[in-house]
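K.L.:
just need the structure, nothing else, for what follows:
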Amino acid sequence: MLTRNFGIEIEFTGITREKAARVIRDHLQGLIIKEGSSFKVADAEGRSWQIVYDGSLRNQRKTNGQKVPAGREYSVELVSPILKYEKDIDSLQEMVRKLRGAGAFVNSSCGIHIHLNGKDHTSRSLRNFVNIIYSRNDLLYTSLEIKSERVKYCKKMDQSLVENMNKKKPTSFKEIEDIWYQGYYEGRSRHYHNSRYHFLNLHSFFNGVGTVELRGFNGTLHAGKIRSFILLSLAMNNQALTQKFASSKKPQLENPKFAMRTWLNRIGFIGKDYKNPREHLCKHLEGSGAWRFKEQA
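P.N.:
Numbers count the residues shown, from 1 in each chain. Below you'll find the predicted structure:
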């Protein structure tokens, strides 16, 4: 699962886009290119890291230790180039730590979006992905503590869409596309199409970007949490790609922490390298990670 390409968008405030670009430039030892109110930083491999404005953010800065409203220049979204986990994760985590050290922070308006390579997918794997996310809607939203302010940007999978998908059993991208956009009256080519505002966004797959996007992550500049989000995304992506069939049936959640731990193990979170990610993803769930039923404890 770690061999597949991904990209990440990290939203934050606290510093200006120009300052963020300088921090990233110094970390990558690259070059800054200014384009209007946005910036690009070219790394040693020629890959472009973009620092852009996001109108959905609540812009803030700190004055005398207090967070106060700030101007548009404090709206920052970092958009990575195509990354590979084993090659890039350490550098990405260190970049995040340096941004936080420079004064960047997040608030409840900030989020993280992870893009997964759409070229790997088939009609079967996209249907699997829909079912995987739907079946664990409740578990994921509790585990990730998705802020109420952000739910409108990462809604749960629609039951009607999932039922329609599984009833029709689409065998082509065109069939899945038609199901995905059913009920929307705006043009499918619109970039900010309303269908995109779900935990799993397939609008990015159909609308020229060519990626499967996961939007259900709160903003953070905690490097360990960001690593956990990336690993979870890669693991779910791998499950969708390699599993012959994924059910939309929701698991019993009498013990959410146990359900999450066993599911994580099943999709690849095994061994000491995954200890901290498992802890991050199970931390906010009730129950016991060791025992399914109370009488066993």
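
K.L.:
distance of the closest residue to residue 71 other than its chain neighbours relative to residue 280?
P.N.:
Distances taken as CB to CB, 6 or more residues apart in numbering place residue 59 nearest to residue 71, at 6.5 Å, with adjacent residues excluded. C-betas here are computed from N, CA, C, even on glycine. Here residue 59 is placed at a distance of 27 Å from residue 280 (CB to CB, to the nearest Å).

K.L.:
just residue 164 next, same as before
P.N.:
For residue 164, the distance to residue 280 - CB to CB - is 34 Å.

K.L.:
the more surrounded of these two?
P.N.:
Neighbours per residue (other CB atoms under 10 Å) separate residue 164 from residue 280, with residue 280 holding more: 21 against 16.

K.L.:
surely the more buried one is in a strand?
P.N.:
No: assessed by DSSP: H, G, I helix; E, B strand; the rest coil, residue 280 does not belong to a strand; its assignment is helix.

K.L.:
ok so, going back, surely the residue nearest to residue 71 and residue 77 touch.
P.N.:
No: the criterion here is CB atoms under 8 Å, and residue 59 misses it with residue 77 at 11.8 Å.

K.L.:
got the buried residues for the longest helix along the chain?
P.N.:
Identified as the longest helix of the chain according to DSSP state H is helix 223-242. For helix 223-242, the neighbour count (16 or more other CB atoms under 10 Å) marks 223, 225-241 as buried.

K.L.:
low pLDDT regions in the protein?
P.N.:
The model of the chain has pLDDT under 70 over residues 288-297.

K.L.:
so who does the residue nearest to residue 71 touch?
P.N.:
Each residue near residue 59 by CB atoms under 8 Å, 6 or more residues apart in numbering is listed here: 13, 69-72, 74-75.

K.L.:
quick one: name whatever helix or strand follows the longest helix of the chain.
P.N.:
Per DSSP states H and E, the first helix or strand lying C-terminal to helix 223-242 is helix 256-266.

K.L.:
so residue 213, which of the three states?
P.N.:
Residue 213 - assigned by three-state DSSP - is strand.

K.L.:
give me the neighbour count for the residue nearest to it when sequence neighbours are not counted.
P.N.:
Of all residues not flanking residue 213 in the chain, residue 201 sits nearest, at 4.0 Å (CB to CB, 6+ apart). Here the count is done by other CB under 10 Å, and residue 201 has 25 residues near it.

K.L.:
does residue 201 touch residue 207 like I think?
P.N.:
No: look at residue 201 against residue 207 with CB under 8 Å: they stay out of range, at 9.8 Å.

K.L.:
show me where the chain has helices.
P.N.:
Under DSSP H, the chain gives helices at 17-28, 85-101, 123-135, 137-143, 159-168, 173-180, 203-206, 223-242, 256-266, 275-282.

K.L.:
now distance to residue 9 too, for those, in TSV please.
P.N.:
Listed next are the helices of the chain as TSV, based on distance: least, CB to CB, whole Å:
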stretch	distance to residue 9
helix 17-28	13
helix 85-101	12
helix 123-135	18
helix 137-143	19
helix 159-168	24
helix 173-180	21
helix 203-206	11
helix 223-242	11
helix 256-266	24
helix 275-282	19
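
K.L.:
closest one to residue 152 among the ones you listed?
P.N.:
helix 137-143 (13.4 Å; CB to CB).

K.L.:
okay, buried residues for the closest one please.
P.N.:
Across helix 137-143, burial judged by 16+ other CB under 10 Å covers 137, 139-140, 142-143.

K.L.:
and the contacts of it?
P.N.:
133, 156-157, 199, 216, 250-251, 253, 256, 259-260, 263, 281-282, 284-285.
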